[in-house]
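**Q** just need the structure, nothing else, for what follows:
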Amino acid sequence: MYNFLYCFDSNYNIQAAVSISSLAEKLEDKANFYIIHNNPQSFKTHLKKIKKFKNINTIDVFKFKDTEYDFPNLNEVHVSQATYFRMFIENYIPKSIEHLIYIDPDIVCLDNPTEMFDDIIVKMIERKIPLAGLTEGTLDTSATYFKNLGMKNDKYFNAGMIVIDFHHWVNQHTLKKLLQIMKKNYHRIIYWDQDIMNLHFDGNYLEIPRSMNYIPADGVTMSEKKTYFHHYAGSKKPWYFENVFNDISEYYQQAYKNLFNNKFHVTMKFKKHEIKVLINILISRKFKLRNKIQLIYGTFKTKILG
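**A** Predicted coordinates:
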């Protein structure tokens with residue numbers, strides 16, 4: 001049985017519910033889901049919704065308690081302490097689990113990934129590799145970053161979708177080693193625990209296909225023939241007001257509609273550029289009156305759901 005892990009805080013309750021439901025809809029077999037959260041009570045309403053999916057065998061929520069650490073580089077608007085939760089998985093996840101599949105809450109599942117995961121896990125076992133992930137950078141393309149971070153290998157993985165040999169993780173006391181790396185390289189860390197894990201695994205990971213963690217470039221639509229997971233990485237999220245009508249946002253917005261029966265998930269802080277976008281949409285002939293009303297309604301309904 002597959003074991004999926006999500007780590008997030010109350011800022012990503014809706015997004016995580018959308019991600020989990022999109023995956024549960026596509027699975028053909030039952031799976032276990034584990035969540036590490038800073039405030040599980042805030043996720044209670046969303047939990048009731050996603051528990052209704054028939055392919056969710058169990059879903060356990062653990063309260064993150066390892067709060068005594070000073071985590072590096074948390075000045076980014078779209079990033080919080082929650083990005084470091086997955087470093088502590090051995091403190092929460094049952095030790096009986098062999099392989100654990102971590103998924104970021106800003107990822108939407110588009111197709112049944114079980115055959116792909118089977119292939120990845122078999123290769124990890126055969127080659128005795130402790131982790132699998134998408135290569136995001138190489139020494140050829142990111143030489144300066146590798147040098148500044150202190151990388152010794154020639155490749156770097158994106159941690160938004162990773163498959164973990166959990167027995168290896170626990171037996172090798174990985175958390176202890178990650179914390180040591182974090183302390184030693186505190187002022188070098190830019191991409192949070194992703195940097196820390198890359199320094200630790202040092203290129204010793206299985207490369208997964210791009211279709212398992214598709215990260216679109218700005219304004220570029222999907223080019224893969226078959227994509228299993230669409231990852232809205234970076235700061236331009238599909239629920240931000242100015243991005244709702246972008247082509248690449250449609251996968252997230254559709255998954256949101258399927259779960260919450262609402263047309264749009266929109267967050268708006270009523271900043272100057274957002275108000276300008278709103279005015280342009282309202283006066284534009286490109287959008288029907290119905291869509292304009294749904295957009296405004298979705299903006300305020302999100303505040304109630306959140």
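**Q** Three-state assignment for residue 117, please.
**A** Recorded secondary structure, residue 117: helix (DSSP: H, G, I helix; E, B strand; the rest coil).
**Q** how far away is it from residue 3?
**A** The gap separating residue 117 from residue 3 is 10 Å, by C-beta to C-beta, to the nearest Å. Placement of C-beta: from N, CA and C, glycine included.
**Q** so how many other residues sit close to residue 41?
**A** 10 (other C-beta atoms under 10 Å).
**Q** ok so, going back, which residues are in contact with each of residue 117 and residue 3?
**A** Common neighbours of residue 117 and residue 3 (criterion: C-beta atoms under 8 Å, 6 or more residues apart in numbering): residue 101.
**Q** outline the domain layout of the chain.
**A** The chain breaks down by automatic domain parsing into domains covering 2-212, 238-305.
**Q** what lies in contact with stretch 117-137?
**A** By C-beta under 8 Å, 6+ apart, stretch 117-137 touches 2, 99, 101, 145-146, 155-165, 168-169, 172, 197, 201, 204-210, 212-213, 215.
**Q** hmm, I typed the wrong one, I wanted stretch 158-168.
**A** 86, 89, 93, 95, 97-104, 106-107, 117, 120-121, 124, 129-136, 174, 193-194, 197-198, 206, 208, 212-213, 215, 229, 231, 233.
**Q** report the separation between residue 259 and residue 154.
**A** Using C-beta to C-beta, we find residue 259 at a distance of 41 Å from residue 154.
**Q** which of the two has more residues huddled nearby?
**A** Neighbour tally, residue 259 and residue 154, criterion other C-beta under 10 Å: the higher count belongs to residue 259, 22 against 14.
**Q** show me what the host helix or strand of residue 230 is packed up against.
**A** Counting by DSSP states H and E, the element that carries residue 230 is strand 229-231. If you count contacts as 3 or more C-beta pairs under 8 Å, 6 or more residues apart in numbering; DSSP states H and E, strand 229-231 packs onto strand 107-109, strand 155-165.
**Q** helix or strand next in line after it, which one?
**A** Once strand 229-231 ends, the next helix or strand along the chain (criterion: DSSP H and E) is helix 250-260.
**Q** ok now that following helix, how far from the chain's centre?
**A** Mean-position distance between helix 250-260 and its chain equals 16 Å (C-alpha atoms, centre = their mean, to the nearest Å).
**Q** list the helices and strands it packs on?
**A** Contacts defined by 3+ C-beta pairs under 8 Å, 6+ apart place helix 250-260 against helix 13-26, helix 44-50, strand 107-109.
**Q** mind exporting the C-alpha coordinates of that helix to CSV?
**A** Written as CSV, here are the backbone C-alpha positions of helix 250-260 (Å, rounded to 0.1, in the frame of the first residue of the first chain):
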residue,chain,number,x,y,z
GLU,A,250,-6.6,25.8,-14.8
TYR,A,251,-5.5,22.4,-13.4
TYR,A,252,-5.4,23.7,-9.8
GLN,A,253,-8.7,25.7,-10.2
GLN,A,254,-10.5,22.6,-11.6
ALA,A,255,-9.3,20.5,-8.7
TYR,A,256,-10.5,23.2,-6.3
LYS,A,257,-13.9,23.3,-8.0
ASN,A,258,-14.2,19.5,-7.8
LEU,A,259,-13.6,19.5,-4.0
PHE,A,260,-15.3,22.7,-2.9
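**Q** just checking, residue 38 touches residue 66?
**A** No. Applying C-beta atoms under 8 Å, one finds residue 38 not in contact with residue 66, separated by 10.6 Å.
**Q** now render the domains of the chain as JSON lines, adding mean pLDDT.
**A** Formatted as JSON lines, the domains of the chain follow (pLDDT from 0 to 100):
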{"stretch": "domain 2-212", "mean pLDDT": "95"}
{"stretch": "domain 238-305", "mean pLDDT": "69"}
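**Q** and the closest residue to residue 154 other than its chain neighbours, what does it touch?
**A** Spatial nearest neighbour of residue 154, excluding adjacent residues (C-beta to C-beta, 6 or more residues apart in numbering): residue 139 at 4.0 Å. Residues near residue 139 by C-beta under 8 Å, 6+ apart: 146, 151, 153-155.
**Q** on that earlier part again, which of residue 38 and residue 66 has more neighbours?
**A** The neighbour count for residue 38 versus residue 66, taken as other C-beta under 10 Å, is higher for residue 38 (19 against 15).
**Q** what sits against the more buried one?
**A** So residue 38 contacts 9-10, 63-64, 81-82, 85 (C-beta under 8 Å, 6+ apart).
**Q** need those residues in TSV with secondary structure, neighbour count and distance to residue 17, can you?
**A** Shown next, in TSV, are the contacts of residue 38 (DSSP: H, G, I helix; E, B strand; the rest coil; neighbours: other C-beta atoms under 10 Å; distance: C-beta to C-beta, whole Å):
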residue	secondary structure	neighbour count	distance to residue 17
9	coil	20	13
10	helix	17	12
63	strand	12	18
64	coil	21	18
81	helix	15	20
82	helix	23	15
85	helix	24	17
